[in-house]
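> Have a look; sequence and predicted model below, questions after that.
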Amino acid sequence: MSGEPQSSRPNLRLGLWLPLLVFAGLFALFVHGLTNPADSNVPSAFVGNPLPQFDLSAATTDRPGLATRAFRTGKPKLLNVFASWCVPCAAEAPQLAALAQAGVEVDGVAIHDKPDDLARFLASNGNPYAAIGRDDRRVVQIAIGSSGVPETYVIDGRGVIRYQHIGDIRPEDVPTLLARVKAAQGGGA
């Protein structure tokens, strides 16, 4: 009888410590995940490919429409996919203005927008666009791999997509976009 309690003691100790060890392991994984977050940047399959062929009518009366040939002038540009009904699009407006003031040509694709709404949006938030194409059926948006608004692309002077910025442009993104445009002057990024 004295042998039974002693042989069950190691099992009892293991039963007491095992949940604590499992908890400690899970806690360590949790802390590691918080301190080393995964890269949330999803690389675009369209970067490195030429823009698809398109010819969009003008979305406003004071700017021309937009076609693929406008991106084959030898000069890199930004292509901004936006909409008047998009709150983050209004938030990025000062950054687009700063990029335009820095000498970067910005062209826009207005997604499913009414002319009056777009005119009010541009009057309220500024109009940094050299040209704005109207994409009511989202044909161009889908063709370039844009999943939402806003999204901004760096297009080199040959019409090749060199960089995709998903979401609104924030002040800290402006230097990166300027650097990407400068790198695209040589045809790469």
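Good, I have the coordinates.

> Using PDB, write out every CA atom in the helix or strand hosting Gly133.
Gly133 is part of strand 129-135, with elements assigned from DSSP states H and E. Extracted in PDB, the C-alpha atoms of strand 129-135 (Å, rounded to 0.1, in the frame of the first residue of the first chain):
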ATOM      1  CA  TYR A 129      -5.800  66.100 -60.500                       C
ATOM      2  CA  ALA A 130      -4.600  66.900 -64.000                       C
ATOM      3  CA  ALA A 131      -7.200  64.600 -65.500                       C
ATOM      4  CA  ILE A 132     -10.100  62.600 -64.000                       C
ATOM      5  CA  GLY A 133     -11.700  59.700 -65.700                       C
ATOM      6  CA  ARG A 134     -15.200  58.500 -64.900                       C
ATOM      7  CA  ASP A 135     -15.500  54.700 -64.000                       C
END
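
> Can you name every helix or strand that that strand contacts?
Counting contacts by 3 or more C-beta pairs under 8 Å, 6 or more residues apart in numbering; DSSP states H and E, strand 129-135 is packed against strand 55-56, strand 66-67, strand 105-111. Where C-beta positions appear, they are placed from N, C-alpha and C, glycine not excepted.

> in this protein, what spans have low per-residue confidence?
1-12, 14, 37-44, 187-189 (pLDDT under 70).

> So for it, the centremost residue is which one?
Closest to where the C-alpha atoms of the chain average out (C-alpha atoms, centre = their mean) is Ile166, at 0.5 Å.
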